[in-house]
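> Provided below are the primary sequence and the corresponding predicted coordinates.
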Amino acid sequence: MVKISRYHWKYPLSHERVYQKQLTAAVNKMHSVVLANMHTISGYVNQYRIDDELGDQLDTIIESMMQQYHLQVTEDFLRQKIEQMFDTISGFNSSEMASTLKSALNVDVYASDPNLNSMKELWSQENVKLIKSVESQYFERIANIMSNAVRNGTMTDDIADAITDQTGISERRAQLIARDQVGTLNGQLTKQRQTSIGINQYIWRTSEDKRVRPRHQARDGETFSWDNPPPDGHPGIPVSCRCVALPIIDTDNL
């Protein structure tokens, strides 16, 4: 017998926002470190204009700022926060799974979880890598701002404005990473949990707001198989996708 839940499987939007705030906070710490070194930055720019032998100092200044930042935000700290976020989203996803099955079957039947250790490790590694890329790109662009200031004779206030602009760019990238990674993880957890108990098909459901892309809006209500994904992937897998998979429950397969 095939059953479809009336429960609307939710997307972990509140957890996405928490993760965005955490990654934005890391970028703001980078910005704080750079601002605390503005005297050094200004001194370098002004001295370089009259002394061509100071080029090697740029790398030293950037390296010093990165070290100051890493004293505040260590890789171990990042990994701990990332793993905590995995557990939080996994708990949310598990609750959605249980609520969906109970709505369809009128009884609590979901009592076990698949082993998610490998997924947790891979997701953590990927997120550490992405966040470290934000760090390296940020400080690389601070170095470029300093170099351009030397070449163009930029004033200190203009340097500070350029640094603030760069911080905004890095914040937006961090927020995109958080949004994309939460959606991807939610989609991966949904597939793992549904297929592990014999659910082979699902109904595509969107977030039903103006941010839904037209391609995904057209799929709303359509049936897909877990072993035959759409061209851009199952719900949550495309970049920044907040769609979810409502399981089609064949009780003979559970």
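Thanks, I have the structure now.

> now the helix or strand where residue 82 lies: buried residues?
Using DSSP states H and E, residue 82 maps to helix 75-105. Residues of helix 75-105 classed as buried: 78, 81-83, 85-86, 88-90, 92-93, 96-101, 104-105 (neighbour count, 16 or more other C-beta atoms under 10 Å). Where you see a C-beta, it was placed from the backbone N, CA and C, and this is true even at glycine.

> now do the helices in the stretch 51-200 of the chain.
Along the stretch 51-200 of the chain, counting by DSSP state H, counting those that start in this stretch, helices occupy 57-72, 75-105, 117-152, 156-196.

> list phi and psi for the nearest residue to residue 199 once chain neighbours are set aside.
Excluding the flanking residues, the one nearest residue 199 by C-beta to C-beta, 6 or more residues apart in numbering is residue 247, at 4.6 Å. With angles defined as degrees, to the nearest 10, residue 247 sits at phi -70, psi 140.

> distance of residue 247 from residue 194?
Distance, residue 247 to residue 194, using C-beta to C-beta, to the nearest Å: 5 Å.

> please enumerate the shared neighbours of these two.
residue 202 (C-beta atoms under 8 Å, 6 or more residues apart in numbering).

> low-confidence ranges, this protein, go.
49-55, 108-112 (pLDDT under 70).

> can you pull the contacts of the residue most central in space within it?
Nearest to the mean C-alpha position of the chain, by C-alpha atoms, centre = their mean, lies residue 178 at 2.1 Å. Residue 178 is in contact with 16, 19-20, 22-23, counting by C-beta under 8 Å, 6+ apart.

> now with 6 Å, please.
Counting by C-beta atoms under 6 Å, 6 or more residues apart in numbering, residue 178 makes contact with 19-20, 23.

> from residue 62, how far out is it?
For residue 178 relative to residue 62 (C-beta to C-beta), the value is 26 Å.

> ok, residue 221 next?
52 Å.

> these two: which has the busier surroundings?
Ranked by neighbour count (other C-beta atoms under 10 Å), residue 221 and residue 62 place residue 62 first, with 18 against 10.

> the spatially closest residue to that one that is not a sequence neighbour: neighbour count?
Leaving out its chain neighbours, the residue that sits closest to residue 62 by C-beta to C-beta, 6+ apart is residue 143, at 5.0 Å. Residues lying near residue 143 (other C-beta under 10 Å) number 16.

> residue 248 belongs to a helix?
No. Secondary structure of residue 248 (DSSP: H, G, I helix; E, B strand; the rest coil): strand, not part of a helix.

> closest to residue 39 out of the helices of the stretch 51-200 of the chain?
helix 156-196 (9.6 Å; C-beta to C-beta).

> got the CA positions of the helix or strand following that closest one in PDB?
Using DSSP H and E, the helix or strand that follows helix 156-196 in sequence is strand 201-205. As requested, the backbone C-alpha atoms of strand 201-205 are provided in PDB (Å, rounded to 0.1, in the frame of the first residue of the first chain):
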ATOM      1  CA  GLN A 201      10.400   7.600  -4.500                       C
ATOM      2  CA  TYR A 202       9.500  11.100  -3.400                       C
ATOM      3  CA  ILE A 203       7.500  14.200  -4.300                       C
ATOM      4  CA  TRP A 204       9.400  17.300  -5.000                       C
ATOM      5  CA  ARG A 205       8.300  20.200  -2.800                       C
END
